[in-house]
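**Student:** have a look; sequence and predicted model below, questions after that.
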Amino acid sequence: MRPSRVSEEEVVAKIAEAFRRHGYDGASVRLLAKATGLEAASLYTRLPGGKEEMALKVVARTCEWLQANVFEALHGSGTAAKKVARAARRLREFYQNGTLWCVLDTLTLGESTVPVRVAVRGAYEAWLGEFCRVAHETGMPPAQARERAQRAIIELEGALVLSRVTGDGKPFVRVTQRLPELLTKP
């Protein structure tokens, strides 16, 4: 019987989960191959750039998801608070109410490569830019909008860490519920 073909989408999702759980250093190629159900040679055939290419694919897919789900929600119709609430709901779905760790964060743990760190930085800058834009849209001056956007990301990421460490996703849920106020109220 011929082995079933695993789609690139499935492979990248499984690689993301391995990176999410083990960080960049902890996710050996052997572990990544095992996570995907592929032999290491097959994984290298698909992604000849090795672990770095795998990590870059995960960052790219995460950015695509953010663009399609969070950033588009922030550009949608309605008040700024409603747009932020919509984006916050999608973040809760993506992080399964705080039970999933942030793969962008875990990719920077240890000795990840410069291209991976640059890609992750770009993802956070895009996220920061969108939060800043929507805060500014409410009439906040640029400096205040940037500070609020930074605080929002700090609180989201901090809540994900706390949720991971304690096994309780409620802190993350609470932060996402407060996002509209944080980003839209002067």
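**Tutor:** Nice, thanks for sending it over.
**Student:** other SSEs contacting the host helix or strand of Leu162?
**Tutor:** In this structure, Leu162 is located in helix 142-166 according to DSSP states H and E. Of the remaining helices and strands, those touching helix 142-166 by 3 or more CB pairs under 8 Å, 6 or more residues apart in numbering; DSSP states H and E are helix 103-106, helix 114-137, helix 170-184. Yep, even glycine has a C-beta here, placed from its N, CA and C like the rest.
**Student:** deepest of these, which one?
**Tutor:** Comparing the helices and strands packed on helix 142-166 on average neighbours per residue, with mean count of other CB atoms under 10 Å, the densest one is helix 103-106 at a mean of 21.
**Student:** by contact count, what packs against that one?
**Tutor:** Applying 3+ CB pairs under 8 Å, 6+ apart, one finds that helix 103-106 contacts helix 8-26, helix 50-65, helix 114-137, helix 142-166.
**Student:** can you tell me what sits against the following helix or strand past the shortest one?
**Tutor:** Which is helix 50-65. Following the chain from helix 50-65 toward its C-terminal end, the next helix or strand by DSSP H and E is helix 72-75. Outside of helix 72-75, the residues that reach it under the criterion CB atoms under 8 Å, 6 or more residues apart in numbering are Lys83, Val84, Arg86, Ala87, Arg90, Glu130, Phe131, Arg133, Val134.
**Student:** out of those, which is nearest to Leu31?
**Tutor:** The shortest separation between Leu31 and any of these is 29.4 Å, and it belongs to Arg90 (by CB to CB).
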